[in-house]
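> model this:
(2 chains)
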Amino acid sequence: MMRLFVLCLGLFTTLTCVLPVPEAAAQQAEETVCIQCHAGLEGSLGAPVQAWRGSVHDRNGISCHDCHGGDPTDFAMAMSPERGFVGVPEHAEIPEFCGKCHVGVLEDYQKSAHGQALEAGGAQCVTCHNSHAVEVAKLDLINRDSCTRCHDYGRAEKIKEILADTDARIKSLEGELERLSELGTNVDEQQGQLFSLRNRFHRAFHTVKIERIREQTGPVLEGLDKLREEIAAVESDLGQRKFWGSVAIALLVVAGILFFLIRRTYEEEEKP
Amino acid sequence: MSPLKALIDFFDVRLGVREIYQRELAGYLLPRRVNIWYTLGSVVLTLFIVQILTGILLLIYYVPDAEKAFQSVQYITDDVAFGWLFRMLHAVGANVIIIALLLHMLSVLFMAAYKGRRELTWLSGFILFNLALILCLTGYLLPWSQLSFWATTVATDVPGAIPVVGDLLVEFLRGGETVNNLTLGRFFALHVVGLPLVLLALIGFHLFCVKRRGISTPPFGEEYQQEELLPFFEHEEHPGGTPFFPNYVVKDAAVICFFLAFMLAIVFYAPGLFFPPSAFEPADPFVTPPGIKPEWYFLWAYQTLKIFPSEIIGLGVQIIFMTFLALLPFIDRGAERRPAKRPIFLTCFVLGILLFVGISIWGHYS
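Below is the predicted model of the structure:
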């Protein structure tokens, strides 16, 4: 009987009291065939995978096939044009290549001085954002070293100054929404609004025209102000919860102390 | 005559409630030196009641379907009046119960309260502890968040290390090769019906054992006497002891209030303590969140599996350890209960706690 009992208990503990190796989980999220193959290659064939890791695309789940097409599940057909594989674009094809997703930015870029000079070897997406190790759109991408590769820094610096305040406000709101999200507050709607405003703002960058940037930044700032009010309302709700929570905690602590004091009086009575 | 007295009289003439009160509450005597650690059983019971109540409220709106589960939890949190509070109380309460259960078991171990023919009390308590862990595990999947999905994926992967039947067990647990809608269905059924029924039955049995055998005397002070075990059943009486009601119940109530205050403090001031950001993202079977770790009470087991060269050895060590703990009253047969007179036990006890904490911290940072 005891043996049976020990056996049952052993099985029970096997099923319940043990846990897991997260690496096992990581293995289950299989990588695409593109990465499986190219990650092991040397030189220019393997370098894009290393560069892509940690990029803004990687962090957001954008993989090789999202830009280059092809079939990420089939080794044999991965690079088949039949499955939409487009390979490496030429210099002048890059804006259209990235613009498949970044539609608005492409539109503004094409009208800009950069876009107009594309055929003559002018700057395009990867000139500033890199290929594969794609950098998130940020103000620091406008800098003396980068811009003076092609032209004088004067106008770029002026544009950066104009953008700085709005950019700081967007970053601040991003941080606040992130913090609220980590607390479990549903701010999906506000994050969506901010995403949209940030995109409109980033579109403005690409015109590289000071007047146009000023003109487009106005409505973005109005939207940011409205968003800040919404966040303040959420914060106020959380503050109220915390206040009433504190009251409940205080009442429980006082009740606990009172019960202990009552117990003391009983202890006096119980003394022999 | 006051309405209350009239009501009591009504029941008394029909059910003899005054006699029950006298025999089971006011006349039920506990050892005189009964200490604060003895209140932890009541704390755990109260926390289980909180879990049942908040669980019922969550159940009204929760939808156990992979397509709708996350949205239903979001609806509870954002749109249902005080839904956020019920959800937080339920989730934080699960962690606080484990803390209270651990303290309760450690105090029983330290005072050797499992001795004196209390094997069944210990064993039912030990199974209750494991049942609480399974309840935590099954409840973890229900929000269908990134955290719950991947934590369940790795947890249900573990039995796969068992030779021969491992893969079958994994498929049985999941209802398929991977965690899916069927896993959610069976975990939901277990969490809200199957396990609570077993839990309630076991709590009843545990309390019956405690009451029937009698509360053990704390093994401290001059009043302590080594218990002589007779070859037949005997209820341990405590003549001249502390009446359970109201004298001792107020002490229970005080500690329960402090525990509830502690729980609310986490809910309102540190809600992120048990909720990493991946707990608020919908499950995505194609994206593994970075650095996913089990809950703090499983960290020791998680790290133990990593220490050994193969999972099956780690698994074996855990099975041996848990089986040893479950059968401790059958193994440790000495009559001595005073910790100071049991130096080997005391050393193992302290080292065991340090090992648990150390391995858990190691698991957290590994």
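
> all strands for the stretch 101-250 of chain B, in order.
Applying DSSP state E, counting those that start in this stretch to the stretch 101-250 of chain B gives strands spanning B:242-243.

> flag every residue of it that's near chain A.
Applying CB under 8 Å from any CB of the partner chain, we find that the stretch 101-250 of chain B lies next to chain A at B:127, B:130, B:133-134, B:137, B:150-151, B:153-155, B:157-159, B:162, B:169, B:178, B:240, B:242, B:246-248, B:250. C-betas here are computed from N, CA, C, even on glycine.

> and these, which of them are in helices?
Secondary structure defined by DSSP state H assigns B:127, B:130, B:133-134, B:137, B:150-151, B:153-155, B:157, B:169, B:250 of these to helices.

> considering those, which possesses the most neighbours?
Within those, B:Ala151 tops the neighbour count with 27 neighbours, counted by other CB atoms under 10 Å in any protein chain shown.

> can you tell me which residues contact that residue?
Shown in contact with B:Ala151 (CB atoms under 8 Å, 6 or more residues apart in numbering or on different chains): A:Pro20, B:Tyr140, B:Leu141, B:Ile292, B:Pro294, B:Glu295.

> show me what from the stretch 51-200 of chain A comes close to chain B.
So the stretch 51-200 of chain A meets chain B at A:Gly61, A:Ser181, A:Glu182, A:Leu183, A:Gly184, A:Asn186 (CB under 8 Å from any CB).

> what's the farthest-apart pair in those residues?
For those, the farthest-apart pair by CB to CB is A:Gly61 and A:Leu183; their separation is 24.2 Å.

> who has more neighbours out of the two?
The residue with more neighbours, out of A:Gly61 and A:Leu183 and counting by other CB under 10 Å, is A:Leu183; that gives 15 against 10.

> contacts only, for the nearest residue to A:His202 once chain neighbours are set aside.
Closest residue to A:His202 apart from its sequence neighbours, by CB to CB, 6 or more residues apart in numbering or on different chains: A:Ala137 at 5.0 Å. Residues near A:Ala137 by CB under 8 Å, 6+ apart: A:His129, A:His202, A:Phe205.

> and B:Tyr62, by the same measure?
By CB under 8 Å, 6+ apart, the neighbours of B:Tyr62 are B:Ala69, B:Ser72, B:Val73, B:Ile76, B:Leu142.

> what about the first one, neighbour count?
If I follow you right, that is B:Ala69. Counted with other CB under 10 Å, B:Ala69 comes out at 23.

> hmm, back to that, compare the contacts of A:Ala137 and tell me which has the most neighbours.
Using other CB under 10 Å as the neighbour criterion, A:Phe205 leads the contacts of A:Ala137 with 22 neighbours.

> correct me if wrong: it contacts A:Ile213.
Yes - if you go by CB atoms under 8 Å, A:Phe205 and A:Ile213 touch, sitting 7.3 Å apart.

> between those two, which contacts overlap?
Common contact partners of A:Phe205 and A:Ile213 (CB under 8 Å, 6+ apart): A:Ile159, A:Leu163.

> before we move on, back to that, got the contacts of B:Tyr62 as TSV, with secondary structure and pLDDT columns?
Output for these, formatted as TSV (DSSP: H, G, I helix; E, B strand; the rest coil; pLDDT from 0 to 100):
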residue	secondary structure	pLDDT
B:Ala69	helix	97
B:Ser72	helix	97
B:Val73	helix	96
B:Ile76	helix	96
B:Leu142	coil	98
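
> write the ChimeraX selection for whichever of those residues are buried.
Remark: buried members of these, expressed as a ChimeraX selection using 16 or more other CB atoms under 10 Å in any protein chain shown:
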select /B:69,72,73,76,142
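
> show me the contacts of A:Ala137 that map onto helices.
Using DSSP H, the contacts of A:Ala137 in helices are A:His129, A:His202, A:Phe205.

> so what's the predicted local confidence for the last one?
Looking at A:Phe205, its pLDDT stands at 76.
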